[in-house]
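J.: I'll drop the sequence and a predicted model, then ask my questions.
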Amino acid sequence: MSTKEEHQYAKKIKEQAYNLGFSLCGITTPESPLHIEEYHKWLSDGLHADMEYMGNDRARHMRANPKDIFPECKSILVVASNYYQGEFLHPSSDAISGKVARYAWGKDYHTVMKHRLQELMGFVECVSGKPVRYRLYVDTGPLLERELAQRAGLGWIGKNTMLINHNIGSWTLLAEAMLDIWLPPDEPYIVDRCGSCTFCIDACPTDAIMSDPRRIDSNKCISYLTIEHRGAINSDRRSDLDDWVFGCDICQDVCPWNNRFAMVEHDVDFAPVYPLPHLDLHNLLQMDQSEFSRTFSGSPVKRTKRSGLIRNASVALGNHGDDKSIHALANSLSEDPDPIIRAHSAWALGKIGDIKAVNLLNCARDNEDDVDVLVEIKAALEELSSQEKKQ
Ligand code: SF4
Ligand code: SF4
């Protein structure tokens, strides 16, 4: 193929990517990432918290050497889907609700984007007139995908570590196709348009954003704590979660590039699927495993598993502090089969601080035999007693 034909070929592929619903599409090479040392430092400083799958030898090696994932790779196509659906709609009822990050309101993006990429690969083969070998990754492969996107010209990596595009902002999800054909790479996006802005750093409620170098301390980040972290959430961090039960959008909500340029995407696959976007926290506490699986089948929210989501709902109810929640939390504390959920319900009862809560915690203590839950009940009773003394 001549250079001109190669550029026409790449142009056709990008046009088809847009036809399939992707908002951005660029091409880069499988060279080692420039920021790999920073990434290794992030790991060695323990900022990936307990996401061990990121720090194991294989993951480190693959991220440093994309060619070793797929030795035949000559080009990487990077695509982005805009999932922005507008501002948080207010809940239609007066139910006490929890917030979910926007990217998880609709269908599971892994499925949606993979399906679109597969269709795009059919087109690539059709235009090239020969079989094309490829590997597809939607947030699952050992790739530094934001750097690849920046190298493919899609945008810059902001201080909040998100990829930001000057036309549509950062409400995007990334995916990659590693191809065994050569395509002319796009110019990297080299301008940093954050400038002197620090809105995201100032707005982060947990001080999780570090500016030099740009990185997130996952140990503090609400997104990590509500989605990736398994087991009990450190009691010092629970109040930080506020009413977020899955992810956190704060550092994107405040970004001027989103406020000025985010475009509402009427992409049906990312439109909220009931009961999202607002989850009724009392309903969540009553969900057994089969109802959880039925409700969140096909939704990114299922990643937390029942234990994580209902743990988060208990914490959010504690943070709401509404005494209407006492009954639901007491039921959860006495009935839920999962000790992690019972422990966080005990904490939430302690936060709500009411004589009824004290009686219910005392009663639960007499019937509880899990050591960790008993510790939480004791801590909640002590908290309530110290509040009473202060009054
Ligand atoms: Fe901070 Fe939330 Fe952004 Fe995490 S997602 S860095 S907690 S604002
Ligand atoms: Fe950059 Fe400001 Fe957006 Fe943060 S809020 S990513 S500093 S432009």
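T.: Yes, it's here. Ligands and ions are numbered 1, 2, ... in the order given.
J.: lowest average confidence, helix or strand, in the chain?
T.: helix 52-55 (a mean of 84; mean pLDDT, DSSP states H and E).
J.: on the three-state scheme, residue 175 is what?
T.: Three-state assignment for residue 175 (DSSP: H, G, I helix; E, B strand; the rest coil): strand.
J.: how many neighbours does it have?
T.: 26 (other Cβ atoms under 10 Å). (C-beta placed from N, C-alpha, C; glycine too.)
J.: pretty sure it is touching residue 120, no?
T.: No. Judged on Cβ atoms under 8 Å, residue 175 makes no contact with residue 120 at a distance of 9.9 Å.
J.: who touches both of these two?
T.: Common neighbours of residue 175 and residue 120, using Cβ atoms under 8 Å, 6 or more residues apart in numbering, are residue 79.
J.: how about the stretch 251-391 of the chain: which residue is closest to ligand 1?
T.: Using Cβ to the nearest ligand atom, the single residue of the stretch 251-391 of the chain nearest to ligand 1 is residue 251, 3.3 Å away.
J.: that residue: neighbouring residues, count only.
T.: As a burial measure, residue 251 scores 26 neighbours (other Cβ under 10 Å).
J.: again with residue 94
T.: Per other Cβ under 10 Å, the neighbour tally for residue 94 reads 7.
J.: any idea how far ligand 1 is from it?
T.: 26 Å (Cβ to the nearest ligand atom, to the nearest Å).
J.: if we can go back for a sec, using CSV, write out every CA atom in the least confident helix or strand of the chain.
T.: Output in CSV follows, covering the C-alpha atoms of helix 52-55 (Å, rounded to 0.1, in the frame of the first residue of the first chain):
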residue,chain,number,x,y,z
GLU,A,52,-2.6,-7.1,43.6
TYR,A,53,-3.5,-8.0,40.1
MET,A,54,-2.0,-4.7,39.0
GLY,A,55,1.3,-5.2,40.7
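J.: quick one: it to chain centroid distance?
T.: 16 Å (Cα atoms, centre = their mean, to the nearest Å).
J.: buried ones in it, by neighbour count?
T.: residue 54 (16 or more other Cβ atoms under 10 Å).
J.: who's in contact with the following helix or strand past that helix?
T.: Downstream of helix 52-55, the first helix or strand assigned by DSSP states H and E is helix 57-64. Outside of helix 57-64, the residues within contact range by Cβ under 8 Å, 6+ apart are 32-33, 36, 39-40, 43, 53, 68-69, 141-144.
J.: circling back to that earlier point, rounded mean pLDDT for the helix or strand hosting the residue of the stretch 251-391 of the chain closest to ligand 1, please.
T.: Using DSSP H and E, residue 251 maps to helix 250-253. Averaged across helix 250-253, pLDDT comes to 97.
J.: quick one: is it near ligand 2?
T.: No. Helix 250-253 lies out of reach of ligand 2 by Cβ under 6 Å from any ligand atom, never closer than 6.6 Å.
J.: any residue of the helix or strand that that helix is followed by touching ligand 2?
T.: Going down the chain from helix 250-253, the next helix or strand is helix 256-261, by DSSP H and E. Yes. Legend: contact between helix 256-261 and ligand 2 by Cβ under 6 Å from any ligand atom is shown at 256, 257.
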